[in-house]
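# structure for the following, please:
(chains A and B)
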Protein chains: 2
Amino acid sequence: MTVASSITIRRARRDDVGVIVRMLADDPLGSAREHPQDPVPASYFRAFEALEHASHIQLMVAEDGGAVVGCLQLCILPGLSSQGASRGLIEDVRVATHCRSRGIGGLMLQWAVAESRAKGCKLIELLTHNTRVDAQRFYARLGFQPSHVGMILRF
Amino acid sequence: MTVASSITIRRARRDDVGVIVRMLADDPLGSAREHPQDPVPASYFRAFEALEHASHIQLMVAEDGGAVVGCLQLCILPGLSSQGASRGLIEDVRVATHCRSRGIGGLMLQWAVAESRAKGCKLIELLTHNTRVDAQRFYARLGFQPSHVGMILRF
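Prediction:
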């Protein structure tokens, strides 16, 4: 797996919101859900501001030579089950189409695992759409088990 | 669906931890994961204290005539995807064995949906183990779609 040595994983900034939204929109599921027009709709910036005040959530980006090429959101959740184990919840993982198969997703997940461990988590959980079979293979290679059904209620 | 009028949904208190742990342990999956001995292991109380400081998470119980007969944890998560929609994450839903089929789970979910809407969420998500087919039917009746694979990495 070749990974450009220039890639860094860092916290997302307000001026990354546009490129993150375009990555979220750049697939069949996302294109139906997102509004990636220019200027970026205010609802995305309101969400970014909420994330800035959520100390339990980190929205991260992968940056390659100054360009944002990936994103991932990690939430640390305490809970009673599994003997009071905190868990990490990973959401909104994307790698820019032209940067796939370079190990960027792996680097972001490696960061998320290390961060979850550092925060005392005993497990990480995520939901990935039934149709994202490549993503499921990617997570399985990292040791994730497809042991659960992910269910969603949209209002 | 008959629901005893005496049932209330309220925030969990420290002295509920023991009964919650026993409900979490009271099935084949939970019995392998939990340690429901008396006194309750300190790890559960440490987790409860973390929950008390997590303003984004509510650990709730269903109480019937003074007895705790169900539990549910709801986390409110901001995020950029779905046009900056916050979402609710439901975890650790249990109803005491002797109180099933009385609509207590439905009452707790009804609370979680109302609370998620009140906090501006556009969706609720959850993971339920592949083997919990009754739970999957229960959530499907409430409108949840099994559109995702729930994947877990345990350390």
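# packing partners for the worst-scoring helix or strand of chain A on mean pLDDT?
The helix or strand of chain A with the lowest confidence, counting by mean pLDDT, DSSP states H and E, is helix A:28-33 at a mean of 84. Helices and strands touching helix A:28-33, as assessed by 3 or more C-beta pairs under 8 Å, 6 or more residues apart in numbering or on different chains; DSSP states H and E, comprise helix A:17-25, helix B:81-84. To be clear about C-beta, it is placed using only N, CA and C from the backbone, and glycine gets the same treatment.
# can I get the CA coordinates of the shortest one in CSV?
Taking Å, rounded to 0.1, in the frame of the first residue of the first chain, the C-alpha atoms of helix B:81-84 are listed here in CSV:
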residue,chain,number,x,y,z
SER,B,81,-23.8,14.7,6.2
SER,B,82,-27.4,14.8,5.2
GLN,B,83,-27.2,18.6,4.8
GLY,B,84,-25.8,19.1,8.3
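# OK, contacts around A:Ile9?
With contact set as C-beta atoms under 8 Å, 6 or more residues apart in numbering or on different chains, A:Ile9 has these partners: A:Met60, A:Val61, A:Ala62, A:Glu63, A:Leu107, A:Met108, A:Trp111.
# can you give me the strands in chain A?
A:7-11, A:57-64, A:67-77, A:86-95, A:121-129, A:145-154 (DSSP state E).
# to B:Tyr44, which of these lies closest?
Distance to B:Tyr44, taken as C-beta to C-beta, is lowest for strand A:86-95 among those, at 12.4 Å.
# partners of that closest one, with directions?
strand A:67-77 (antiparallel), strand A:121-129 (parallel) (DSSP bridges).
# between helix A:17-25 and the longest one, find me the angle.
Using axes from the mean of the first three to the mean of the last three C-alpha atoms, to 10 degrees, the direction of strand A:67-77 lies 80 degrees away from that of helix A:17-25.
# mean confidence for strand A:67-77?
Mean pLDDT, strand A:67-77: 97.
# buried ones in it, by neighbour count?
Residues of strand A:67-77 classed as buried: A:Val68, A:Val69, A:Gly70, A:Cys71, A:Leu72, A:Gln73, A:Leu74, A:Cys75, A:Ile76, A:Leu77 (neighbour count, 16 or more other C-beta atoms under 10 Å in any protein chain shown).
# quick one: contacts for the residue nearest the centre of chain A?
Centroid-nearest residue in chain A, with C-alpha atoms, centre = their mean: A:Leu72, separated by 2.1 Å. Counting by C-beta under 8 Å, 6+ apart, A:Leu72 makes contact with A:59-62, A:90-94, A:108-109, A:111-112.
# how does it look with 10 Å?
Residues near A:Leu72 by C-beta atoms under 10 Å, 6 or more residues apart in numbering or on different chains: A:9, A:12, A:58-62, A:90-95, A:105, A:107-109, A:111-112, A:126.
# can you select the buried ones among those for me in PyMOL?
For the buried members of the contacts of A:Leu72, the matching PyMOL selection, counting by 16+ other C-beta under 10 Å, is:
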select buried, chain A and resi 9+12+58+59+60+61+62+90+91+92+93+94+95+105+107+108+109+111+112+126
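# just to revisit the earlier point, in CSV, list the C-alpha atoms belonging to the least confident helix or strand of chain A.
Only the C-alpha atoms of helix A:28-33 are listed here, as CSV (Å, rounded to 0.1, in the frame of the first residue of the first chain):
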residue,chain,number,x,y,z
PRO,A,28,-24.9,7.7,-5.7
LEU,A,29,-26.1,7.8,-2.1
GLY,A,30,-24.6,11.1,-1.2
SER,A,31,-25.7,12.9,-4.4
ALA,A,32,-29.3,12.3,-3.4
ARG,A,33,-28.8,13.6,0.1
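# ok, residues contacting that helix?
Helix A:28-33 is contacted from outside by A:21-25, A:27, A:36, A:92, A:94, A:129, A:131-132, A:154, B:81-83, B:85, B:147, using C-beta under 10 Å, 6+ apart.
# among those, name the buried ones.
Buried among the contacts of helix A:28-33 (16+ other C-beta under 10 Å): A:21-25, A:27, A:36, A:92, A:94, A:129, A:132, A:154, B:81-83, B:85, B:147.
# from B:His35, how far off is A:His56?
26 Å (C-beta to C-beta, to the nearest Å).
# how about low-confidence regions in chain A?
Residue ranges of chain A with pLDDT under 70: A:1-5.
# can you redo the helices and strands packed on helix A:28-33 as JSON lines with distance to B:Leu142?
Formatted as JSON lines, the helices and strands packed on helix A:28-33 follow (distance: least, C-beta to C-beta, whole Å):
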{"stretch": "helix A:17-25", "distance to B:Leu142": "27"}
{"stretch": "helix B:81-84", "distance to B:Leu142": "20"}
